[in-house]
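Undergrad: Just the structure for this:
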Amino acid sequence: MGREEYQEYEPDRTESSFFAMMSRMKYINRWALMRNSYPENISEHSLEVGMLAHVLALIGNKKCGRKLNAERAALIGMYHDCTEIITGDMPTPIKYYNMETQDAYKNVEKQAAKELLGVLPDYLQDDYRNLFFPAEEEAYLWKLVKAADRLSAYIKCIEEEKAGNREFSNAKAATFEKLTAMDLPEVRIFLREFGSAYKKTLDELKN
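TA: Numbers count the residues shown, from 1 in each chain. As a prediction, this is how the structure comes out:
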C-alpha cells in the first residue's frame, strides 16, 4: 500500500466524530470542588478503572468460582465515564444531593450516551451500545466496574493524603464506606492483597 494513501484527505459525509470526542476525555478534570495536589482527568481515571475492573473480574474467577469476562470488564471500565464529554464531571455532593437529583442526572447520562452512539457509523453502533447500556446477563460485571470506579476514587484519596493534602480526608472515609457497603468478596480480596501498597513511597514499593 503506497504511502500517499495515508495522506490527509477531505472528509466525506460519512465521517464520524466519535473517537475525536473520546479523545477529549483528557480535558475533563475530576474532583472539581476539591483542592488537588495533582489534577486527575477522566481519561486517566478511566484507564485505572479498566485495570481495576479487569483484576476484580479475574479475582472473581480465580477465588470466587465465577465465570466472568475480565477483558470485557476492562473495556466497560474504559468507557464508563465517556458521557462526561457531554455532561462534564458532576461533583459528588451535587450529583447525590437527593434522589430527584440522581434520577435527573441518570436521564442526562442516558441521553448523552444515545447522542454519542448516534455519531458512530451504523455498522458499529450495536457493538458500542452494550458498552454504554448494561445487559441483564452482565449485571454482576457492571457491578464490579462500579466497584472499580469507587476503588479508583479511594486510591486517589489515599494518594492525596499521602501528599499531605487533608482536603480528601472526608472523601476518603465516605468513599470507603460506599465501597465496603457493596459487600463484594472481590473488593475485600483486592484490598487485603493490594490495598496497603498504595500508602507506600516509591522506595518502599521497590524494596
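Undergrad: who touches residue 34 in this structure?
TA: 167, 168, 171 (CB atoms under 8 Å, 6 or more residues apart in numbering). From N, CA and C alone the C-beta is placed, and that goes for glycine too.
Undergrad: Filter those residues down to the buried ones, ChimeraX style.
TA: Once 16 or more other CB atoms under 10 Å is used to decide burial, the buried members of the contacts of residue 34 can be selected in ChimeraX as follows:
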select :168,171
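Undergrad: from the contacts of residue 34, which is closest to residue 146?
TA: Distance to residue 146 across the contacts of residue 34 (CB to CB) is lowest for residue 171, with 17.1 Å.
Undergrad: is it true that the closest one lies in a helix?
TA: Yes - Residue 171 sits within a helix when classified using DSSP: H, G, I helix; E, B strand; the rest coil.
Undergrad: Quick check: which element contains the closest residue to it other than its chain neighbours?
TA: Spatial nearest neighbour of residue 171, chain neighbours left out: residue 157 (5.3 Å); criterion: CB to CB, 6 or more residues apart in numbering. According to DSSP states H and E, residue 157 maps onto helix 139-162.
Undergrad: is it true that residue 52 touches residue 77?
TA: Yes - using CB atoms under 8 Å, residue 52 is in contact with residue 77, at 7.0 Å.
Undergrad: Those two: which has the busier surroundings?
TA: residue 77 (29 against 25; other CB atoms under 10 Å).
Undergrad: List the buried residues in stretch 150-168.
TA: 150-161, 165, 168.
Undergrad: Outside of that stretch itself, list whatever touches it.
TA: 30-31, 34-38, 40, 45, 48-49, 52, 56, 169, 171-172, 175-176, 178-179, 182, 187, 190, 198-199.
Undergrad: Buried ones among those residues?
TA: 30-31, 34, 36, 40, 45, 48-49, 52, 56, 171-172, 175-176, 178-179, 187, 190.
Undergrad: Which of these fall within helices?
TA: 45, 48-49, 52, 56, 171-172, 175-176, 178-179, 187, 190 (DSSP state H).
Undergrad: Pull the most distant pair out of those residues.
TA: Farthest apart among these by CB to CB are 56 and 171. That separation is 21.4 Å.
Undergrad: Roughly how far does the spatially most central residue of the chain sit from residue 152?
TA: For the chain, residue 46 is the residue whose C-alpha lies nearest the centre (CA atoms, centre = their mean; 3.9 Å). Here residue 46 is placed at a distance of 9 Å from residue 152 (CB to CB, to the nearest Å).
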